[in-house]
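Asks: I need the structure of the sequence given here:
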Amino acid sequence: MPMPRAEASPKVPASLWRTGSRAFFKDQRAAQVGDIVTITVNTADTADVENGTNSTRTGTELMGMPNMLGLESSLGKLFTKVVNPASLVNTTSTNSNVSTGVIKRVDTVVLRLAGVVTQVLPNGNLVISASQEMRVNSELRVLTVSGVIRPEDIASDNTVSHDRLAEARISYGGRGTLTDLQQPRYGQQALDALLPF
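Replies: Numbering: from 1, shown residues only. Down below sits the predicted model:
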């Protein structure tokens, strides 16, 4: 665990108060390495995207070489059949493309966990990291949150909201029997990656 640097406590003769003791009027919010801060995550993201494309293209190309330094007379020697220099190439192409895409997503995450200050940046901002693991029978749920916060964004109850985290990394997942059953077999995953159809 990250720990602050050890500082020697000055000894004051005839003093009733010990340096470093908790005070009633001292700010108890996280401020140095090793302090604990509570992170609240409350997100409700909704995305609704719909795209449609309809394109049609038709092309016709006709190319000939009636006269080119007299070389057109030698085309009969190169090809077995009679060649008309005026119509050497004639191409026609037609392309049609119709596509429709729809994305609908609703994500809701409500979490609250405690993190630790791992670094104090030169400008005073705090780097925090939080991790929580919960095992129920054979299923393990892992939650990790990390980011950079400003000391002034920490509330009086020593909590900070997730939307105040810069470079936020929020991960919620797990592993276990239920997670394995929801994933395709390794052979099927390999076939899906290799087969082009």
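Asks: enumerate every residue touching the residue nearest the centre of the chain.
Replies: In the chain, the centroid-proximal residue (Cα atoms, centre = their mean) is Arg169; its distance is 8.8 Å. By Cβ atoms under 8 Å, 6 or more residues apart in numbering, the contact set of Arg169 is 144-147. The C-beta positions use only the backbone N, C-alpha and C, and glycine is treated the same way.
Asks: give me the element the residue nearest to Ile36 when sequence neighbours are not counted is part of.
Replies: Take Ile36 and drop its neighbours on the chain: the residue closest to it by Cβ to Cβ, 6 or more residues apart in numbering is Ala114, 5.3 Å away. Element membership of Ala114 [criterion: DSSP states H and E] is strand 89-120.
Asks: so for that strand, what gets flagged as buried?
Replies: 111, 115-117, 120 (16 or more other Cβ atoms under 10 Å).
Asks: could you redo these as CSV and give each row pLDDT?
Replies: As requested, these are exported to CSV (pLDDT from 0 to 100):
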residue, pLDDT
Leu111, 83
Gly115, 91
Val116, 92
Val117, 92
Val120, 91
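Asks: closest to His162 out of these?
Replies: Leu111 (8.3 Å; Cβ to Cβ).
Asks: looking at the protein, which helix is longest?
Replies: Assignment by DSSP state H gives helix 186-194 as the longest helix of the chain.
Asks: show me what it is packed against.
Replies: Contacting helix 186-194 under the criterion 3 or more Cβ pairs under 8 Å, 6 or more residues apart in numbering; DSSP states H and E is no other helix or strand.
Asks: shift numbering so it begins at 799
Replies: Yes, from this point I'll number from 799; that puts the last item at helix 984-992.
Asks: can you pull out the strands in this structure?
Replies: 834-861, 887-918, 924-934, 937-947, 957-959, 964-974 (DSSP state E).
Asks: who does the fifth one pair up with?
Replies: For strand 957-959, the paired strands and their directions (DSSP bridges) are strand 834-861 (parallel).
Asks: and the strand it pairs with with strand 964-974, angle?
Replies: Here the directions of strand 834-861 and strand 964-974 differ by 90 degrees (axes from the mean of the first three to the mean of the last three Cα atoms, to 10 degrees).
Asks: tell me what angle strand 834-861 forms with strand 924-934.
Replies: 90 degrees.
Asks: strand 834-861: which residues count as buried?
Replies: Buried residues in strand 834-861, counting neighbours by 16+ other Cβ under 10 Å, are found at 835-839.
Asks: cool, and stretch 923-938?
Replies: Neighbour-count burial for stretch 923-938, with 16+ other Cβ under 10 Å as criterion, is recorded at 923-928.
Asks: quick revisit: parallel or antiparallel, list what pairs with the strand holding Ala912.
Replies: With DSSP bridges as the test, strand 887-918 is paired with strand 834-861 (antiparallel), strand 924-934 (antiparallel).
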